[in-house]
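Whatever this is, show me its structure:
(one chain, ligands or ions: 1)
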Amino acid sequence: MPFDLANANANANANANANANGTVATAADVFKADIGIADVRIAQIGGTMEGAGRRIDASGRYVLPGGIDSHVHIAQASGPGIVMADDFDSATRAAAFGGNTTVMPFCLRERGTSLAAAFRDYRALADGASHTDPGFHLNFTDPTPQVLGQERPALIAEENRLVKVLMTYEAMRMDDAGILATTDVARRHGAKVMVHCENEDVIAFLSERAAGADDVAPRAHATTRPVAAEREATHRALTLAEVVDVPIVIVHVSNGTAIDQIARAPARGLDITAETCPQYLVLQADDLSRDNWEGAKYVCSPPPRDAAEQENCWRGPRSNLFDLFSSDHCPFRYEDVQGKRNPAGLRSFRHIRNGIPRIETRLPILVSEGVMKGRIDLPRFVALTATNNAKTCGMYPRKGTIAIGPDADIAIWNPEIRRTIRHADLHDAADYTPYEGLEVAGWPETVILRGTPVIGDGRLVAKAAGREVPRLG
Ligand SMILES: [Zn+2]
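Predicted coordinates for the structure are as follows:
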């Protein structure tokens, strides 16, 4: 619904003429225009901005929809003694500094406990603590009759249109029967299924073999989770989705043969969405071989591969094969007995906390490596990091675009900024970044959440005011 500037005058503090002379990009277009914001929404594009209470000069800047990170892990209960580095305050502050206005973490709970109660408790953690708007995913782990028959349908119908299942991690994995039963419930209630594809039996077998050969250093995490384990699971997940006839989202794709599986799926009638993440474009398995157990800093699943697979992974973002580019932020501290260097983790790769921090660096890495290096254009960047994420998660068009009517979630980027990524400059609560020393071009300077600047001139300028995004379907 359009807002006029009379409304803007009535509420000057909450209004900004966000852009004068900036280059605006949406998933479809690049154009020069001023943008008028009234209260929390975009009210005007182009024309004279009379009566605006505040002006932000965006000359020479990119004016983009705020990033939507549709795959993050924050304060997630992941097992006894496992403590994630970030709570909602630190994770979403870092996200905002990195150009994001919405983040979407997973509610995960242990098998046998109430998902509804876990979901209520998890959401409460974000209350009053989130600097971006949160939206929540549900992670399903145990397909019991009680959960399948009552809990899940109620939660899906009420709150969520996207559920995640894992094919790996012994405590959380689902076998094929469980995936079929769960995806069938999702289908009946109009939800999509998001799948982490790795073959757990392959990983368990190779891990046993590695441990038996005293091959226990961090690098073994990568060798025991080979491309074949991901390729097979990707094919199987697609097959199960085909059988059930449910839309499927394949997350964090790391290699070319998994991409081949995905490329063939639409011809079989599958409704498929695929995602890759920064670590598969700029990290490699060799990083896990770094001295002094520092390889632990790069342990995540699937693991980064090699230079050839990095190039393969650009196929997805470049060619429309993939729709999503997310961070899979999963932060653990390095120098911490509960983090990467926990006592058991120092004895074997099998106990190294699995995941890396990357919520603030996702967008700068894709701007720098993608847009600035000419691999993708600005509309494609916007599609991969905001518009498609909003569409996939039932938030579009309220989120993820610049048009008259949607929430005024805007990031103003300075493409002239050259920065060397240093953890000391980042805002998450981990104690390292896997991208230390990486040179990037382009960084967001101003980030506006529902009409209110959250980041201004590189500083946090507002209290945590994130509000859960209603899901539209
Ligand atoms: Zn993840």
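
drop to CA atoms for contacts and neighbour counts, all remaining ones
OK.

Tally up the residues packed near Asp425, please.
By other C-alpha atoms under 10 Å, the residues close to Asp425 number 8.

Now do it against Val249, distance only.
Using C-alpha to C-alpha, to the nearest Å, we find Asp425 at a distance of 33 Å from Val249.

for the stretch 51-200 of the chain, what spans make up the strands?
Under the criterion DSSP state E, counting those that start in this stretch, the stretch 51-200 of the chain contains strands at 55-57, 62-65, 67-72, 100-107, 133-134, 137-139, 162-166, 192-196.

what ranges do the helices span in the stretch 301-450 of the chain?
307-319, 343-347, 362-366, 378-382, 388-392 (DSSP state H, counting those that start in this stretch).

what ranges of the stretch 1-150 of the chain fall below the confidence cut-off?
1-20, 80, 150 (pLDDT under 70).

ok, now with 90
For the stretch 1-150 of the chain, the stretches flagged by pLDDT under 90 are 1-22, 47-54, 76-83, 106-120, 137-150.

all helices for it, in order.
Under DSSP H, counting those that start in this stretch, the stretch 1-150 of the chain gives helices at 5-10, 88-97, 115-126, 145-146.

Only the buried residues of stretch 178-189, if you could.
Buried residues in stretch 178-189, counted by 16 or more other C-alpha atoms under 10 Å: Gly178, Ile179, Leu180, Thr182, Thr183, Asp184, Val185, Ala186, Arg187, His189.

Count the neighbours of the residue lying closest to Thr387 once chain neighbours are set aside for me.
Nearest residue to Thr387 in three dimensions, chain neighbours excluded: Gly400, at 4.2 Å (C-alpha to C-alpha, 6 or more residues apart in numbering). By other C-alpha under 10 Å, 31 other residues sit near Gly400.

Test my guess that Gly400 contacts Leu64.
No - with contact defined as C-alpha atoms under 8 Å, Gly400 does not count as touching Leu64 (9.3 Å).

Show the contacting residues for Arg187.
Val244, Asp245, Val246, Pro247 (C-alpha atoms under 8 Å, 6 or more residues apart in numbering).

surely the last one meets Leu270?
Yes - under the contact definition of C-alpha under 8 Å, Pro247 touches Leu270, with a separation of 6.9 Å.

overlap in contacts of these two?
Among the neighbours of Pro247, those also in contact with Leu270 (C-alpha under 8 Å, 6+ apart) are Ala241.

Any idea which of the strands of the stretch 51-200 of the chain gets closest to Ile417?
strand 62-65 (12.0 Å; C-alpha to C-alpha).

quick one: buried residues of stretch 367-386?
Judged by neighbour count (16+ other C-alpha under 10 Å), stretch 367-386 contains these buried residues: 367-372, 375-386.

Can you give me the end-to-end span of that stretch?
Per C-alpha to C-alpha, the first residue of stretch 367-386 is 13 Å away from its last.

for it, the distance to its chain's centre please.
With C-alpha atoms, centre = their mean, to the nearest Å as the basis, stretch 367-386 stands 16 Å off its chain's centre.

now the helices of the stretch 1-150 of the chain in JSON lines, with mean neighbour count and distance to Gln76?
Output for the helices of the stretch 1-150 of the chain, formatted as JSON lines (neighbours: other C-alpha atoms under 10 Å; distance: least, C-alpha to C-alpha, whole Å):
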{"stretch": "helix 5-10", "mean neighbour count": "17", "distance to Gln76": "40"}
{"stretch": "helix 88-97", "mean neighbour count": "26", "distance to Gln76": "10"}
{"stretch": "helix 115-126", "mean neighbour count": "16", "distance to Gln76": "8"}
{"stretch": "helix 145-146", "mean neighbour count": "10", "distance to Gln76": "23"}
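
Give me the nearest residue to Pro379, chain neighbours excluded.
Ala27 (4.2 Å).

thought the one you found was touching Asp377?
No - applying C-alpha under 8 Å, one finds Ala27 not in contact with Asp377, separated by 9.7 Å.

What distance do you get for Val282 to Gly374?
In terms of C-alpha to C-alpha, Val282 sits 16 Å off from Gly374.

next one: Met104
Note on Met104: its distance to Gly374, by C-alpha to C-alpha, is 29 Å.

Ok, Gly458 next?
From Gly458 to Gly374 the distance is 26 Å (C-alpha to C-alpha).

and if you look at Leu346?
Distance check for Leu346 against Gly374: by C-alpha to C-alpha, it reads 41 Å.

Also Pro304?
Distance from Pro304 to Gly374, by C-alpha to C-alpha: 23 Å.

Report the lowest-confidence entry in the buried residues of stretch 178-189.
Among these, His189 carries the lowest pLDDT, at 83.

Am I right that Ile259 is in contact with Val253?
Yes - the pair formed by Ile259 and Val253 meets the contact definition of C-alpha under 8 Å, at 7.2 Å.

is it fair to say Leu238 lies in a helix?
Yes - secondary structure of Leu238, determined by DSSP: H, G, I helix; E, B strand; the rest coil: located in a helix.

what's near enough to touch it?
By C-alpha under 8 Å, 6+ apart, the contact set of Leu238 is Ile248, Ile262, Ala265, Leu270.

Repeat that for Phe136.
Applying C-alpha under 8 Å, 6+ apart to Phe136 gives the contacts Met104, Pro105, Phe106, Cys107, Arg123, Asn160.

Now render these as a markdown table, adding distance to Pro415.
Putting the contacts of Phe136 into a markdown table (distance: C-alpha to C-alpha, whole Å) gives the following:
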| residue | distance to Pro415 |
| --- | --- |
| Met104 | 26 |
| Pro105 | 29 |
| Phe106 | 32 |
| Cys107 | 36 |
| Arg123 | 36 |
| Asn160 | 36 |
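
Make a ChimeraX selection of whichever of the residues you listed turn out to be buried.
In ChimeraX, this line selects whichever of the contacts of Phe136 come out buried by 16+ other C-alpha under 10 Å:
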select :104,105,106,107,160
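
Just name the closest of the contacts of Phe136 to Arg54, please.
When those are compared for distance to Arg54 (C-alpha to C-alpha), Met104 comes out closest, at 30.5 Å.
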